[in-house]
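Novice: here's my sequence, what's the structure:
(chains A, B, C and D)
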2 protein chains.
Amino acid sequence: MTAGRAAKDEPTATAPSGSTLRIGEAAKLCGVTTRTLRYWEEIGLLAPSEQRHGSERVYLGREVERAQRIKELQELMGFSLAEIRVVLETEDIVGELRTAYKANARPDLQRQLLANAMEANDKLVARLDNTLARVSEFRDERVAKARRMRRRAAELDRQVAAPAVGKRGGASASR
Amino acid sequence: MTAGRAAKDEPTATAPSGSTLRIGEAAKLCGVTTRTLRYWEEIGLLAPSEQRHGSERVYLGREVERAQRIKELQELMGFSLAEIRVVLETEDIVGELRTAYKANARPDLQRQLLANAMEANDKLVARLDNTLARVSEFRDERVAKARRMRRRAAELDRQVAAPAVGKRGGASASR
DNA sequence: TCTACCGTTGACGTGAACGTCAAGCAAGAA
DNA sequence: TTCTTGCTTGACGTTCACGTCAACGGTAGA
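Specialist: Have a look, this model is predicted:
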(Lines give C-alpha, C1' and ligand atoms only; values in the text may rest on other atoms or scores of the structure.)
Protein backbone atom coordinates (compact mmCIF):
# COMPACT_ATOMS: atom_id res chain seq x y z
CA MET A 1 0.00 0.00 0.00
CA THR A 2 1.09 3.51 -0.85
CA ALA A 3 3.98 2.56 -3.05
CA GLY A 4 5.30 6.07 -2.75
CA ARG A 5 5.29 8.25 -5.81
CA ALA A 6 6.94 6.43 -8.76
CA ALA A 7 4.28 6.76 -11.42
CA LYS A 8 3.34 10.19 -12.69
CA ASP A 9 4.37 11.04 -16.21
CA GLU A 10 7.81 9.47 -16.12
CA PRO A 11 6.98 5.78 -16.03
CA THR A 12 10.57 4.60 -15.62
CA ALA A 13 12.41 7.51 -17.05
CA THR A 14 14.64 8.75 -14.25
CA ALA A 15 15.88 5.46 -12.89
CA PRO A 16 19.47 5.12 -14.12
CA SER A 17 20.41 2.19 -11.93
CA GLY A 18 18.94 0.36 -9.00
CA SER A 19 16.33 2.30 -7.07
CA THR A 20 15.84 6.03 -6.75
CA LEU A 21 14.90 7.00 -3.23
CA ARG A 22 13.37 9.98 -1.55
CA ILE A 23 15.10 11.37 1.47
CA GLY A 24 12.86 9.64 3.97
CA GLU A 25 13.39 6.26 2.39
CA ALA A 26 17.12 6.75 2.14
CA ALA A 27 17.27 7.84 5.75
CA LYS A 28 15.38 4.78 6.90
CA LEU A 29 17.69 2.55 4.89
CA CYS A 30 20.73 4.11 6.52
CA GLY A 31 19.32 4.25 10.00
CA VAL A 32 19.58 8.00 10.29
CA THR A 33 17.11 10.87 10.21
CA THR A 34 16.34 13.09 7.27
CA ARG A 35 17.79 15.97 9.23
CA THR A 36 21.07 14.10 9.41
CA LEU A 37 21.16 13.56 5.66
CA ARG A 38 20.47 17.25 5.09
CA TYR A 39 23.13 18.18 7.59
CA TRP A 40 25.70 15.99 5.90
CA GLU A 41 24.76 17.68 2.66
CA GLU A 42 25.02 21.09 4.34
CA ILE A 43 28.61 20.48 5.33
CA GLY A 44 29.50 19.00 1.97
CA LEU A 45 29.91 15.46 3.14
CA LEU A 46 27.18 13.75 1.16
CA ALA A 47 25.46 15.28 -1.82
CA PRO A 48 22.29 13.68 -3.15
CA SER A 49 22.02 12.83 -6.82
CA GLU A 50 22.47 15.53 -9.44
CA GLN A 51 18.98 15.79 -10.78
CA ARG A 52 16.24 16.45 -8.29
CA HIS A 53 12.73 15.18 -8.68
CA GLY A 54 10.98 18.53 -8.75
CA SER A 55 12.11 20.14 -5.55
CA GLU A 56 12.89 16.86 -3.89
CA ARG A 57 16.29 15.35 -3.30
CA VAL A 58 16.94 12.05 -4.99
CA TYR A 59 19.25 9.40 -3.52
CA LEU A 60 20.62 6.56 -5.60
CA GLY A 61 22.51 3.48 -4.56
CA ARG A 62 25.84 5.29 -4.57
CA GLU A 63 24.68 7.94 -2.17
CA VAL A 64 23.04 5.46 0.14
CA GLU A 65 26.20 3.41 0.27
CA ARG A 66 28.20 6.49 1.05
CA ALA A 67 25.80 7.42 3.82
CA GLN A 68 26.10 3.97 5.31
CA ARG A 69 29.85 4.31 5.11
CA ILE A 70 29.68 7.56 6.99
CA LYS A 71 27.54 6.08 9.71
CA GLU A 72 29.79 3.07 10.03
CA LEU A 73 32.88 5.21 10.40
CA GLN A 74 31.12 7.27 13.02
CA GLU A 75 29.98 4.39 15.14
CA LEU A 76 32.75 1.94 14.50
CA MET A 77 35.76 4.17 14.81
CA GLY A 78 34.33 7.14 16.59
CA PHE A 79 35.54 9.35 13.77
CA SER A 80 34.35 12.92 13.60
CA LEU A 81 32.68 14.06 10.42
CA ALA A 82 35.83 15.99 9.62
CA GLU A 83 37.92 12.82 9.79
CA ILE A 84 35.35 10.93 7.79
CA ARG A 85 35.53 13.61 5.17
CA VAL A 86 39.24 12.91 4.75
CA VAL A 87 38.70 9.18 4.45
CA LEU A 88 35.99 9.60 1.88
CA GLU A 89 38.00 12.10 -0.08
CA THR A 90 40.70 9.54 -0.74
CA GLU A 91 37.96 7.28 -2.06
CA ASP A 92 36.72 10.08 -4.23
CA ILE A 93 40.18 10.56 -5.63
CA VAL A 94 40.04 7.13 -7.13
CA GLY A 95 36.80 8.14 -8.79
CA GLU A 96 38.41 11.34 -10.00
CA LEU A 97 41.22 9.29 -11.40
CA ARG A 98 38.87 7.31 -13.56
CA THR A 99 37.41 10.55 -14.80
CA ALA A 100 40.87 11.95 -15.40
CA TYR A 101 41.82 8.84 -17.28
CA LYS A 102 38.76 9.06 -19.45
CA ALA A 103 39.39 12.77 -19.94
CA ASN A 104 42.83 11.76 -21.15
CA ALA A 105 44.59 13.83 -18.51
CA ARG A 106 48.36 13.94 -18.24
CA PRO A 107 49.74 10.82 -16.57
CA ASP A 108 52.00 12.77 -14.23
CA LEU A 109 49.00 14.66 -12.85
CA GLN A 110 47.13 11.41 -12.41
CA ARG A 111 50.23 10.09 -10.74
CA GLN A 112 50.24 13.00 -8.31
CA LEU A 113 46.60 12.42 -7.42
CA LEU A 114 47.35 8.78 -6.85
CA ALA A 115 50.31 9.54 -4.64
CA ASN A 116 48.17 11.74 -2.42
CA ALA A 117 45.46 9.14 -2.19
CA MET A 118 47.96 6.42 -1.40
CA GLU A 119 49.53 8.41 1.37
CA ALA A 120 46.19 9.15 2.97
CA ASN A 121 45.18 5.54 2.59
CA ASP A 122 48.36 4.27 4.18
CA LYS A 123 47.88 6.62 7.09
CA LEU A 124 44.41 5.29 7.59
CA VAL A 125 45.62 1.69 7.47
CA ALA A 126 48.26 2.48 10.06
CA ARG A 127 45.65 4.02 12.26
CA LEU A 128 43.39 1.03 11.83
CA ASP A 129 46.24 -1.30 12.73
CA ASN A 130 46.92 0.73 15.83
CA THR A 131 43.28 0.62 16.80
CA LEU A 132 43.11 -3.09 16.19
CA ALA A 133 46.11 -3.74 18.40
CA ARG A 134 44.86 -1.65 21.26
CA VAL A 135 41.30 -2.88 21.12
CA SER A 136 42.60 -6.41 20.98
CA GLU A 137 44.71 -5.84 24.05
CA PHE A 138 41.79 -4.32 25.85
CA ARG A 139 39.63 -7.26 24.88
CA ASP A 140 42.14 -9.73 26.22
CA GLU A 141 42.19 -7.89 29.51
CA ARG A 142 38.45 -8.15 29.81
CA VAL A 143 38.47 -11.82 28.87
CA ALA A 144 41.02 -12.47 31.58
CA LYS A 145 38.87 -10.57 34.00
CA ALA A 146 35.91 -12.66 32.96
CA ARG A 147 37.86 -15.82 33.75
CA ARG A 148 38.77 -14.56 37.18
CA MET A 149 35.21 -13.59 37.89
CA ARG A 150 33.92 -16.96 36.80
CA ARG A 151 36.36 -18.71 39.12
CA ARG A 152 35.29 -16.51 41.97
CA ALA A 153 31.65 -17.18 41.13
CA ALA A 154 32.18 -20.94 41.27
CA GLU A 155 33.82 -20.50 44.63
CA LEU A 156 30.87 -18.55 45.94
CA ASP A 157 28.51 -21.13 44.52
CA ARG A 158 30.18 -23.82 46.56
CA GLN A 159 29.79 -21.71 49.67
CA VAL A 160 26.14 -21.07 48.95
CA ALA A 161 25.52 -24.74 48.19
CA ALA A 162 27.05 -25.85 51.51
CA PRO A 163 25.77 -23.35 54.05
CA ALA A 164 25.92 -25.71 57.06
CA VAL A 165 29.64 -25.36 57.53
CA GLY A 166 29.06 -22.54 59.95
CA LYS A 167 29.24 -19.20 58.18
CA ARG A 168 32.92 -18.81 57.39
CA GLY A 169 35.56 -20.40 59.50
CA GLY A 170 35.69 -23.98 58.22
CA ALA A 171 38.10 -24.15 55.34
CA SER A 172 39.39 -20.65 54.72
CA ALA A 173 39.03 -19.35 51.20
CA SER A 174 41.64 -20.64 48.77
CA ARG A 175 42.83 -17.08 48.27
CA MET B 1 63.95 23.48 40.89
CA THR B 2 60.56 24.11 42.42
CA ALA B 3 59.94 20.56 43.53
CA GLY B 4 56.29 21.38 43.98
CA ARG B 5 54.93 21.73 47.46
CA ALA B 6 55.71 18.59 49.50
CA ALA B 7 57.34 20.00 52.61
CA LYS B 8 55.34 22.15 54.98
CA ASP B 9 54.53 20.64 58.34
CA GLU B 10 53.69 17.13 57.15
CA PRO B 11 57.10 15.78 56.09
CA THR B 12 55.81 12.52 54.66
CA ALA B 13 52.58 12.18 56.54
CA THR B 14 49.91 12.12 53.85
CA ALA B 15 51.58 9.87 51.32
CA PRO B 16 49.86 6.49 51.60
CA SER B 17 51.31 4.89 48.49
CA GLY B 18 53.15 5.93 45.39
CA SER B 19 52.98 9.61 44.59
CA THR B 20 50.36 12.14 45.51
CA LEU B 21 49.70 14.56 42.71
CA ARG B 22 48.10 17.94 42.39
CA ILE B 23 45.56 18.40 39.66
CA GLY B 24 47.96 20.00 37.21
CA GLU B 25 50.46 17.21 37.52
CA ALA B 26 47.82 14.53 37.21
CA ALA B 27 46.38 16.24 34.16
CA LYS B 28 49.77 16.40 32.49
CA LEU B 29 50.35 12.73 33.21
CA CYS B 30 47.06 11.80 31.62
CA GLY B 31 47.34 14.14 28.70
CA VAL B 32 44.23 16.11 29.55
CA THR B 33 43.54 19.53 30.98
CA THR B 34 42.67 20.35 34.55
CA ARG B 35 39.28 21.46 33.34
CA THR B 36 38.69 18.01 31.98
CA LEU B 37 39.55 16.36 35.28
CA ARG B 38 37.20 18.71 37.09
CA TYR B 39 34.50 18.03 34.55
CA TRP B 40 34.85 14.30 34.96
CA GLU B 41 34.55 14.83 38.66
CA GLU B 42 31.53 17.06 38.14
CA ILE B 43 29.64 14.32 36.34
CA GLY B 44 30.70 11.70 38.84
CA LEU B 45 33.04 9.84 36.57
CA LEU B 46 36.31 10.33 38.38
CA ALA B 47 36.60 11.47 41.98
CA PRO B 48 39.97 12.57 43.32
CA SER B 49 41.28 11.06 46.53
CA GLU B 50 39.25 11.31 49.70
CA GLN B 51 41.35 13.69 51.70
CA ARG B 52 42.19 16.98 50.12
CA HIS B 53 45.39 18.85 50.73
CA GLY B 54 43.90 22.00 52.14
CA SER B 55 41.51 23.12 49.47
CA GLU B 56 43.36 21.27 46.77
CA ARG B 57 42.37 18.02 45.12
CA VAL B 58 44.77 15.15 45.53
CA TYR B 59 45.20 12.45 42.90
CA LEU B 60 46.85 9.14 43.68
CA GLY B 61 47.94 6.34 41.38
CA ARG B 62 44.49 4.78 41.32
CA GLU B 63 42.82 7.94 40.15
CA VAL B 64 45.44 8.62 37.52
CA GLU B 65 45.08 5.12 36.15
CA ARG B 66 41.35 5.54 36.01
CA ALA B 67 41.72 8.83 34.20
CA GLN B 68 44.02 7.22 31.66
CA ARG B 69 41.48 4.47 31.23
CA ILE B 70 38.79 7.02 30.54
CA LYS B 71 40.88 8.78 27.96
CA GLU B 72 41.78 5.52 26.27
CA LEU B 73 38.16 4.45 26.01
CA GLN B 74 37.27 7.82 24.58
CA GLU B 75 39.91 7.86 21.90
CA LEU B 76 40.17 4.18 21.18
CA MET B 77 36.56 3.19 21.06
CA GLY B 78 34.87 6.52 20.60
CA PHE B 79 32.81 5.83 23.69
CA SER B 80 30.81 8.63 25.20
CA LEU B 81 31.41 9.44 28.83
CA ALA B 82 28.08 7.79 29.62
CA GLU B 83 29.23 4.54 28.06
CA ILE B 84 32.56 4.78 29.80
CA ARG B 85 30.74 5.20 33.05
CA VAL B 86 29.08 1.84 32.51
CA VAL B 87 32.35 0.12 31.70
CA LEU B 88 34.06 1.54 34.75
CA GLU B 89 31.16 0.66 36.99
CA THR B 90 31.64 -3.00 36.27
CA GLU B 91 35.25 -2.57 37.29
CA ASP B 92 34.13 -0.84 40.43
CA ILE B 93 31.90 -3.77 41.24
CA VAL B 94 34.93 -5.99 41.53
CA GLY B 95 36.34 -3.51 44.02
CA GLU B 96 33.05 -3.52 45.89
CA LEU B 97 33.23 -7.26 45.97
CA ARG B 98 36.53 -7.22 47.79
CA THR B 99 35.06 -4.80 50.27
CA ALA B 100 32.01 -7.02 50.67
CA TYR B 101 34.21 -10.00 51.19
CA LYS B 102 36.21 -8.27 53.87
CA ALA B 103 32.99 -7.02 55.44
CA ASN B 104 31.93 -10.65 55.58
CA ALA B 105 28.84 -10.04 53.49
CA ARG B 106 26.48 -12.88 52.60
CA PRO B 107 27.88 -14.98 49.76
CA ASP B 108 24.63 -14.92 47.80
CA LEU B 109 24.71 -11.14 47.72
CA GLN B 110 28.30 -11.20 46.59
CA ARG B 111 27.26 -13.73 44.02
CA GLN B 112 24.56 -11.40 42.74
CA LEU B 113 27.05 -8.54 42.41
CA LEU B 114 29.37 -10.82 40.54
CA ALA B 115 26.64 -11.97 38.19
CA ASN B 116 25.86 -8.39 37.27
CA ALA B 117 29.49 -7.56 36.71
CA MET B 118 30.00 -10.67 34.61
CA GLU B 119 27.04 -9.88 32.43
CA ALA B 120 28.22 -6.34 31.82
CA ASN B 121 31.70 -7.59 31.15
CA ASP B 122 30.52 -10.19 28.68
CA LYS B 123 28.50 -7.57 26.86
CA LEU B 124 31.56 -5.41 26.59
CA VAL B 125 33.64 -8.29 25.27
CA ALA B 126 31.00 -9.05 22.69
CA ARG B 127 31.03 -5.45 21.62
CA LEU B 128 34.79 -5.44 21.41
CA ASP B 129 34.73 -8.58 19.30
CA ASN B 130 32.22 -6.99 17.00
CA THR B 131 34.35 -3.90 16.72
CA LEU B 132 37.43 -5.95 16.05
CA ALA B 133 35.73 -7.88 13.29
CA ARG B 134 34.39 -4.81 11.56
CA VAL B 135 37.53 -2.76 11.87
CA SER B 136 39.50 -5.71 10.59
CA GLU B 137 37.23 -6.02 7.59
CA PHE B 138 37.53 -2.34 6.93
CA ARG B 139 41.29 -2.55 7.21
CA ASP B 140 41.44 -5.38 4.70
CA GLU B 141 39.39 -3.35 2.26
CA ARG B 142 41.81 -0.48 2.53
CA VAL B 143 44.81 -2.75 2.14
CA ALA B 144 43.30 -4.19 -1.01
CA LYS B 145 42.68 -0.69 -2.24
CA ALA B 146 46.29 0.18 -1.51
CA ARG B 147 47.43 -2.74 -3.64
CA ARG B 148 45.27 -1.65 -6.53
CA MET B 149 46.53 1.88 -6.26
CA ARG B 150 50.13 0.75 -6.21
CA ARG B 151 49.60 -1.30 -9.35
CA ARG B 152 48.00 1.63 -11.07
CA ALA B 153 50.84 3.87 -9.93
CA ALA B 154 53.42 1.53 -11.41
CA GLU B 155 51.49 1.58 -14.65
CA LEU B 156 51.48 5.35 -14.72
CA ASP B 157 55.17 5.40 -13.90
CA ARG B 158 55.88 3.36 -17.00
CA GLN B 159 53.86 5.78 -19.09
CA VAL B 160 55.68 8.75 -17.62
CA ALA B 161 59.05 7.08 -18.13
CA ALA B 162 58.31 6.39 -21.77
CA PRO B 163 56.51 9.47 -23.04
CA ALA B 164 57.51 9.06 -26.70
CA VAL B 165 54.94 6.35 -27.44
CA GLY B 166 52.51 8.97 -28.65
CA LYS B 167 50.14 10.04 -25.87
CA ARG B 168 47.81 7.11 -25.46
CA GLY B 169 47.23 4.62 -28.19
CA GLY B 170 50.18 2.27 -27.84
CA ALA B 171 49.36 -0.55 -25.48
CA SER B 172 45.95 0.16 -24.04
CA ALA B 173 45.67 0.03 -20.28
CA SER B 174 45.42 -3.43 -18.80
CA ARG B 175 42.00 -2.60 -17.47
C1' DT C 1 56.65 42.70 51.12
C1' DC C 2 55.99 41.91 46.45
C1' DT C 3 55.51 38.87 42.61
C1' DA C 4 54.66 34.57 40.34
C1' DC C 5 52.47 30.44 40.17
C1' DC C 6 49.17 27.07 41.08
C1' DG C 7 45.01 26.01 42.96
C1' DT C 8 39.78 26.99 44.10
C1' DT C 9 34.62 27.89 42.67
C1' DG C 10 31.32 29.85 39.55
C1' DA C 11 29.65 31.25 35.45
C1' DC C 12 29.41 31.90 30.75
C1' DG C 13 31.12 30.61 25.92
C1' DT C 14 31.91 27.21 22.11
C1' DG C 15 32.02 23.70 18.29
C1' DA C 16 30.09 19.49 16.67
C1' DA C 17 26.13 17.13 15.40
C1' DC C 18 22.20 17.16 15.16
C1' DG C 19 16.64 18.11 17.06
C1' DT C 20 12.62 20.73 16.49
C1' DC C 21 9.42 23.90 14.82
C1' DA C 22 7.21 27.03 11.41
C1' DA C 23 5.39 28.00 6.94
C1' DG C 24 4.63 26.47 2.64
C1' DC C 25 4.19 23.33 -1.58
C1' DA C 26 2.83 18.99 -4.25
C1' DA C 27 0.53 14.66 -4.80
C1' DG C 28 -2.47 10.84 -3.73
C1' DA C 29 -6.67 9.25 -1.09
C1' DA C 30 -11.53 9.93 0.72
C1' DT D 1 -12.77 19.68 -2.42
C1' DT D 2 -10.52 18.59 1.63
C1' DC D 3 -7.30 15.78 4.27
C1' DT D 4 -3.09 13.57 4.98
C1' DT D 5 1.54 12.63 4.05
C1' DG D 6 6.03 13.80 2.79
C1' DC D 7 9.03 17.01 1.08
C1' DT D 8 11.18 21.97 0.98
C1' DT D 9 13.92 25.97 3.29
C1' DG D 10 15.02 28.62 7.31
C1' DA D 11 15.79 29.45 11.82
C1' DC D 12 16.34 28.63 16.47
C1' DG D 13 17.13 25.10 20.34
C1' DT D 14 19.81 21.33 22.55
C1' DT D 15 23.30 18.05 24.30
C1' DC D 16 27.98 16.79 25.05
C1' DA D 17 32.47 17.76 26.40
C1' DC D 18 34.84 20.68 27.44
C1' DG D 19 37.29 26.07 26.93
C1' DT D 20 37.77 30.42 28.98
C1' DC D 21 37.48 34.08 32.11
C1' DA D 22 36.79 36.34 36.61
C1' DA D 23 37.71 36.77 41.36
C1' DC D 24 39.88 34.92 45.01
C1' DG D 25 43.37 32.23 48.22
C1' DG D 26 47.71 30.00 49.61
C1' DT D 27 52.72 29.10 49.09
C1' DA D 28 57.48 29.89 47.38
C1' DG D 29 61.13 32.64 46.03
C1' DA D 30 63.50 37.34 45.36
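
Novice: can you tell if the strand or helix carrying A:Arg151 touches chain B?
Specialist: Per DSSP states H and E, A:Arg151 falls inside helix A:107-161. Yes. Interface with chain B: helix A:107-161 contributes A:107-108, A:110-111, A:114-115, A:117-118, A:121-122, A:124-125, A:128-129, A:131-132, A:134-136, A:138-139, A:142-143, A:145-146, A:149-150, A:152-153, A:156-157, A:159-160 (CB under 8 Å from any CB of the partner chain). In this view, the C-beta of every residue, glycine as well, is placed from N, C-alpha and C.

Novice: for that helix, give the mean pLDDT please.
Specialist: Average pLDDT, helix A:107-161: 91.

Novice: and it, what does it pack against?
Specialist: With contacts defined as 3 or more CB pairs under 8 Å, 6 or more residues apart in numbering or on different chains; DSSP states H and E, helix A:107-161 has these neighbours: helix A:81-102, helix B:61-77, helix B:81-102, helix B:107-161.

Novice: hmm, try it at 6 Å
Specialist: Contacts defined by 3 or more CB pairs under 6 Å, 6 or more residues apart in numbering or on different chains; DSSP states H and E place helix A:107-161 against helix A:81-102, helix B:107-161.

Novice: next one: the longest one to chain centre, how far?
Specialist: Remark: helix B:107-161 is offset 16 Å from the chain centroid, using CA atoms, centre = their mean, to the nearest Å.

Novice: that one to helix A:61-77, inter-axis angle?
Specialist: Between helix B:107-161 and helix A:61-77, the angle comes out at 130 degrees (axes from the mean of the first three to the mean of the last three CA atoms, to 10 degrees).

Novice: got the angle between helix B:107-161 and helix B:81-102?
Specialist: Using the same axes, to 10 degrees, helix B:107-161 lies at 140 degrees relative to helix B:81-102.

Novice: averaged pLDDT, stretch A:52-65. What do you get?
Specialist: Rounded mean pLDDT across stretch A:52-65 is 96.

Novice: endpoints of that stretch, how far apart?
Specialist: 19 Å (CA to CA, to the nearest Å).

Novice: which one of the helices and strands packed on helix A:107-161 lies closest to DNA strand C?
Specialist: Between DNA strand C and these, the shortest gap by CB to the nearest atom of the strand is with helix A:81-102, which sits at 3.4 Å.

Novice: that closest one vs DNA strand C: in contact?
Specialist: Yes. Applying CB under 7 Å from any atom of the strand, one finds helix A:81-102 touching DNA strand C at A:81-82.
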